[in-house]
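Participant: Coordinates only, no sequence provided:
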C-alpha cells in the first residue's frame, strides 16, 4: 500500500517539476517579446487572459531569428487557432460564418490577448456576443432570449438551437436545405420541450411536444417527409417564441391566419381553429376531440368484443367438429385440388371478382402507406415508407388507392340502387331490400345470430344460412359506414384548406382521429374477423378461393348455404347456376393471389400489434 | 376507292396549282399505288427515326447550347479537376470580396468593369470557363460572360451557390488581404422608418451594381458599388450614420467592416438587403 502511495507521489512530483520549468520558459519568452510589444493588451492583460499560460511563440510561430524579426525582416507565421482548438476548427470550417462570410476566430473572439472567462453565465455571454452583429429584436428581446437575460438557465440561448461553431445555415438556400434545417430545429426544440425536468421547472408541459407528434405535421416529419411538414419554427416563426396572447406572437389570433397561410395558401379564416397541438390545452376543441375519441373507442371495443368472441367460439366449435370427424374416420380432402371437370355453382360474377381484386389491391396499398403514418414512431414505419419509394411516393400511392376505393364504393352504391329499383321501379323495393338476395339485414339474421351462439355452446344445430350470412352482411354494410367516415375524413386531410370553406379548422382535428381510428378498425377487422370467417375457419383453411374463381361445389353450397340450395331447387334455378369448374389458371391465380394476400395481411396485422403493444 | 396521284411522292412543295389541290399531306399512308406505298413507308420510317433520335440526342445537345451560360455545381467541377480537364475559373465579383477570399488559381475579372475582354482570346478553346462571385449575385447580363460565350470555348458556366458552396464542399480558398469583420449591427426592414428618424445624420449606402441600383432603390440611397468601394469610400462623409444596403444581406457585412476599418464610426447594415425589403413591403 505504502509502495503505491510512494509511487503516486513520485509521479505527481515529477509532473510538477516538468510543469514548473515549462511555465518559467513561457514566462521568460513572453517577457522577452514584451520588451518591444509593450502595449497594454500584452503587458497588462495577457498574463491573466485565458491564453496567459502560453508563450507568445505558441501561437506566433516561425520566429527563429529574433534580430531579423526585430528588424521587421521576418514576420511570424499566420496564427492558426486550429493547431490547438482542433475540434472547434473542424466544425467551424463548414460553419455559415466561415463559408458565407469568410469569418475567422478573431472576428468573434476579438482582443484575443485580453480574453478572459466571462463572469456572466455562459448563456448570457453567448447571447450578448451574437447580438453585437445580429439584431436583438430577432431573438434577445423575445421569448427565449428575454428569459436567458433574466437568468433562466433552462431557456435556450443562440447556440442551443444554432450550435456554437457548426452552424450550417439559418434558413437554407434551397427548399431541401430549408427542410433539413427545419427538421433539425424541431429536434432541438424537442430536446427541451419533451424533457419532463425542464418543462416541470418552467411550468410547461411535455404535452406540447407529444401532441405535435400526433398531428399530421409531426407524423410525416417522423417518417422523413421533411419538405412537406411544418416544423416548430415554421409556425412559431423562428425566434418569435412569445405566448400566443402576446400581440407580437405569430400565433396571436390576429396573426394566426397569416402564419398558417404561409403554407396553406388556399384557406378560409376559420381554418385557424385547427389545433396544432390537439389536446395539449383543455379548451373547447379539447372537449370535441375527447368526444370523438371516446366515440371511436366505444365503436372499436364494441365491434371487436362481439366479433372476436364470435370468431373464437366459432373456431372452437369448428375445430372440435373436425377432430370428431377425424376420429370417426372421415378424412377430409380439403387440401386436394378441385377437379377441372367437376360441375360447380356460380356464386360471384366476373365483375364482382374483379371488384374484389381491386378492393384487395387498394386496401393493402392504403394500409401499407397509411399505417406508417399512424404509427410513425415505430421502427418499421420508415422502412415501410421507403419500400414505397419514400414518403412522397407513399403519399401518392395512398391517394391513388383511395380514389380507386372511392370508385369501387360509388359503383357498389350504383349496383345497390339498381338492385332496389330495377328499371327505376319503386314498387316492391322494401320486399327486395329484405329479400334473401339482399345484403341488408333482416329479422332472420337476428335469429341466425342467436342460433349460431347456441350452436357454439352445443345447445342446438347450426342455423340454416341463405345466400348472404349475417357476418357477410355486416362486412358489406360496415363498408358504407367506414367509407363515409374514412373517405370524408381522408378528403378533409387531403384538402384541409379547401374544406375550411365548409367546416371550421377544429373539424380537421376530428377528421384526423376518425380517419386514424377507422383505419385501425377496418384493417384489424379484415385481418382478423374477415380472414377467419372466410379462410381460417377450420373447414375452409387455408383459403376459400370462390371470391377469385367465382364458383364452389354443390356440396359446399348444400353445407354452407342450405336455404339458398333449397330455394334454388324449389324455384328450379339450380341448373342455370351450374358451371364447369374453374380452369387451371383461375385456380392458380386464386391460390397465389389469395394466399399472398392472406400472408401479407397477417404480416401487416403483426406490425400493427407490434405498434400497439410496444409503442 | 384508290386515289392515284403522282405528285404525291414528291417531297418538295407542289409548284403547280392543280397538284396542290389534290394533295392531302396527312393521308399518304392510305392512298397511292404499291410502289408508292413502300416509298411512303420509308418516309414514315425516316420521320419516326428522326423523331426517336431527337429524344435520345436531346441530352447530347443540352450540355452545349450556344450563347447561354449554364449552371454547374461544385461536385461537377471537382470531377473535372480530378480528370485534369482544362478549367478557367473567373471571380466576377468585387475586389474587396476577391481579396477577402477566392478560389485558388481563379482570375479576377469584375463584371462591371469594362476591361480585359481580350483575356478570353488567350483561353484555350478546349477549356471550360466557370464564373462565380464571392458575396454578390453574379450579374446575368455581365458583359464578360457575353465575351466568354462568343470566344468559342468548350463551355461557359456559372458556379451554383458561388464561393459559399465551394467552401461548404470543404474545398480551399485563399485570402490575400482579408478584411477583419467588425460588429456592424443589423437593422430589420420593419425598423427602417424608425432608424431613419432616430439615427444621427442617416445615410443609406447602396452597394449593389449601378444597374441594380438604377432598376430600383430605397429613397435617399446613394450608390457606391462594392466593386468600386475601395476607391470611392473617401467620398462618403465621415460624420454620417451609414446603413449599408446590398442585394441579399451577404455583402453588407464585408462592406461595413471595410468602412469601419477606414474610420467610419457608425456603420450598420440592412438585414437581408433589398430582397428582404421587397419581401417586407410586398
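Facilitator: Received it, and whenever you're ready, just let me know what you need. Predicted, not measured: the structure shown is a model, and the values here were computed from it.
Participant: Spell out which parts of chain B neighbour chain A.
Facilitator: B:100-101, B:161, B:164, B:167-168, B:170, B:173, B:175, B:178, B:180-181, B:183-188, B:191, B:250, B:253-254, B:271 (Cβ under 8 Å from any Cβ of the partner chain). (Each C-beta comes from the backbone N, C-alpha and C, glycine too.)
Participant: which strands and helices sit next to whichever strand or helix holds residue A:593?
Facilitator: Following DSSP states H and E, one finds residue A:593 within helix A:584-614. Applying 3 or more Cβ pairs under 8 Å, 6 or more residues apart in numbering or on different chains; DSSP states H and E, one finds that helix A:584-614 contacts helix A:350-374, helix A:379-387, helix A:506-525, helix A:531, helix A:546-549.
Participant: what packs against the second one?
Facilitator: Packing contacts for helix A:379-387, counted by 3+ Cβ pairs under 8 Å, 6+ apart, involve helix A:350-374, helix A:391-420, helix A:584-614.
Participant: quick one: the longest one to helix A:506-525, angle?
Facilitator: Right, helix A:584-614. 120 degrees (axes from the mean of the first three to the mean of the last three Cα atoms, to 10 degrees).
Participant: among the helices and strands packed on helix A:379-387, which is the most enclosed?
Facilitator: Compared across these, helix A:350-374 shows the largest average neighbour count, a mean of 19 (mean count of other Cβ atoms under 10 Å in any protein chain shown).
Participant: I'd like the mean pLDDT over that helix, please.
Facilitator: When pLDDT is averaged over helix A:350-374, the result is 95.
Participant: so how far is it from its chain's centroid?
Facilitator: 20 Å (Cα atoms, centre = their mean, to the nearest Å).
Participant: Stretch B:121-138 too?
Facilitator: With Cα atoms, centre = their mean, you get 11 Å for stretch B:121-138.
Participant: Could you look up the SS state of the residue nearest the centre of chain A?
Facilitator: By Cα atoms, centre = their mean, chain A has its centre lying nearest to residue A:376, at 2.3 Å. Under the three-state scheme (DSSP: H, G, I helix; E, B strand; the rest coil), residue A:376 adopts coil.
Participant: doesn't residue A:222 make contact with it?
Facilitator: Yes - judged on Cβ atoms under 8 Å, residue A:376 makes contact with residue A:222 at a distance of 3.9 Å.
Participant: can you list residues touching both of the two?
Facilitator: Common contacts of residue A:376 and residue A:222 (Cβ atoms under 8 Å, 6 or more residues apart in numbering or on different chains): residue A:213.
Participant: Check the burial of residue A:431 by counting its neighbours.
Facilitator: By other Cβ atoms under 10 Å in any protein chain shown, 9 other residues sit near residue A:431.
Participant: Sticking with residue B:130, tell me its helix or strand.
Facilitator: strand B:128-132.
Participant: re the thing from before, save the helices and strands packed on helix A:584-614 as a markdown table, and put in distance to residue A:50 too.
Facilitator: Below are those laid out as a markdown table (distance: least, Cβ to Cβ, whole Å):
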| stretch | distance to residue A:50 |
| --- | --- |
| helix A:350-374 | 51 |
| helix A:379-387 | 45 |
| helix A:506-525 | 53 |
| helix A:531 | 71 |
| helix A:546-549 | 79 |
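Participant: Show me how chain A divides into domains.
Facilitator: Using automatic domain parsing, the domains assigned to chain A come out as A:2-82, A:351-614.
Participant: Could you pull up the mean pLDDT of the first one?
Facilitator: The average pLDDT within domain A:2-82 is 77.
Participant: and that domain, how far out from the chain's middle?
Facilitator: Counting by Cα atoms, centre = their mean, domain A:2-82 comes out at 57 Å from the chain centroid.
Participant: Also stretch B:142-157?
Facilitator: Centroid separation for stretch B:142-157 versus its chain: 11 Å, with Cα atoms, centre = their mean.
Participant: what's the angle from the helix holding residue A:593 to helix A:379-387?
Facilitator: Using the same axes, to 10 degrees: helix A:584-614 against helix A:379-387 is 140 degrees.
Participant: Now do the contacts for the closest residue in space to residue A:143 that isn't next to it in sequence.
Facilitator: In space, residue A:143 comes closest to residue A:241 once its chain neighbours are excluded; the distance is 3.2 Å by Cβ to Cβ, 6 or more residues apart in numbering or on different chains. Taking Cβ under 8 Å, 6+ apart, we find residue A:241 in contact with A:142-144.
Participant: For residue A:587, see how far away the residue in chain A sticking out farthest from the centre is.
Facilitator: Largest separation from the mean C-alpha position in chain A: residue A:67, at 70.3 Å (Cα atoms, centre = their mean). Separation of residue A:67 from residue A:587 (Cβ to Cβ, to the nearest Å) stands at 102 Å.
Participant: What's the mean pLDDT across stretch A:416-424?
Facilitator: 93.
Participant: measure that stretch end to end?
Facilitator: 12 Å (Cα to Cα, to the nearest Å).
Participant: quick one: contacts of that stretch?
Facilitator: A:429, A:432-433, A:437-439.
Participant: okay, the residue nearest to residue B:155 when sequence neighbours are not counted: pLDDT?
Facilitator: Take residue B:155 and drop its neighbours on the chain: the residue closest to it by Cβ to Cβ, 6+ apart is residue B:128, 4.8 Å away. pLDDT recorded at residue B:128 is 88.
Participant: Could you count how many residues lie near residue B:69?
Facilitator: Other residues close to residue B:69 by other Cβ under 10 Å number 20.
Participant: contacting residues for it?
Facilitator: Neighbours of residue B:69 in contact, by Cβ under 8 Å, 6+ apart: B:131, B:145, B:149, B:156-158.
Participant: of those residues, closest to chain A?
Facilitator: Chain A has its nearest neighbour among these in residue B:158, at 14.8 Å by Cβ to the nearest Cβ.
Participant: For residue A:162, state which of the contacts of residue B:69 is nearest.
Facilitator: Of all the contacts of residue B:69, residue A:162 sits closest to residue B:158, with 29.8 Å by Cβ to Cβ.
Participant: that older thread, you'd agree the residue farthest from the centre of chain A is in a strand?
Facilitator: No - applying three-state DSSP, one finds residue A:67 to be helix, outside a strand.
Participant: any chance you could map the strands in the stretch 151-282 of chain B?
Facilitator: B:155-159, B:186-187, B:202-206, B:222-223, B:241-245, B:267-270 (DSSP state E, counting those that start in this stretch).
Participant: Of the ones you listed, flag the one that's most buried.
Facilitator: strand B:241-245 (a mean of 26).
Participant: That strand: how far from the chain's middle?
Facilitator: The answer for strand B:241-245 is 27 Å, by Cα atoms, centre = their mean.
Participant: neighbouring strands for that strand, and are they parallel or not?
Facilitator: Paired with strand B:241-245 in the same sheet, following DSSP bridges, are strand B:202-206 (parallel), strand B:267-270 (parallel).
Participant: Mind putting the ones you listed into a markdown table with mean pLDDT and distance to residue A:286?
Facilitator: Converted to a markdown table, those look like this (pLDDT from 0 to 100; distance: least, Cβ to Cβ, whole Å):
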| stretch | mean pLDDT | distance to residue A:286 |
| --- | --- | --- |
| strand B:202-206 | 95 | 51 |
| strand B:267-270 | 94 | 44 |
